[in-house]
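Visitor: Need coordinates for the following:
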Amino acid sequence: RSPYNVAHKLIDVSAKGACLVTSGRLRQGLPVSVELSVPGSKERVRLKAFVRWSTTVESKGRPAHVAGLEFEQRSAALAKTTS
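Guide: Numbering: from 1, shown residues only. Down below sits the predicted model:
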């Protein structure tokens with residue numbers, strides 16, 4: 001597998017998962033790898049996740065693809081920044 005960035009914008013993140021705007025509609029159950037920078041630090045968090053839900057909504061008159069990801073393991077680093 002080759003890396004491919006499907007994320008356009010991070011909407012929300014927690015220790016358990018993330019919500020983001022994607023380049024296309026993702027299939028529910030699709031496994032993905034996530035790499036995030038921890039705010040206020042040079043630390044990067046790499047997590048395995050899967051697409052929990054995916055939908056297309058209209059934003060400013062154009063379609064926008066949005067997906068909810070669930071991390072396989074809770075991230076202790078993200079738990080510190082989102083609590």
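Visitor: Where does pLDDT dip in this protein?
Guide: Along the chain, segments meeting pLDDT under 70 span 1-3, 75-83.
Visitor: Run through the helices of it in chain order.
Guide: 76-82 (DSSP state H).
Visitor: Spatially central, which residue of it would that be?
Guide: Closest residue to the average C-alpha location of the chain: A18 at 4.2 Å, with CA atoms, centre = their mean.
Visitor: Distance-wise, check the closest residue to that one other than its chain neighbours relative to V32.
Guide: Nearest residue to A18 in three dimensions, chain neighbours excluded: L69, at 4.8 Å (CB to CB, 6 or more residues apart in numbering). C-beta coordinates here come from the backbone N, C-alpha and C atoms, glycine included. Using CB to CB, to the nearest Å, L69 is found at 6 Å from V32.
Visitor: Touching both of the two, which residues are there?
Guide: Applying CB atoms under 8 Å, 6 or more residues apart in numbering, one finds that L69 and V32 are jointly contacted by 49-51.
Visitor: Narrow those to those in strands?
Guide: Using DSSP state E, the subset of the shared contacts of L69 and V32 located in strands is 49-51.
Visitor: What separation do you get for the residue located most distally from the centre of the chain and I11?
Guide: Largest separation from the mean C-alpha position in the chain: G61, at 23.7 Å (CA atoms, centre = their mean). Separation of G61 from I11 (CB to CB) stands at 19 Å.
Visitor: Next: T22.
Guide: 11 Å.
Visitor: This completes my enquiry, with thanks.
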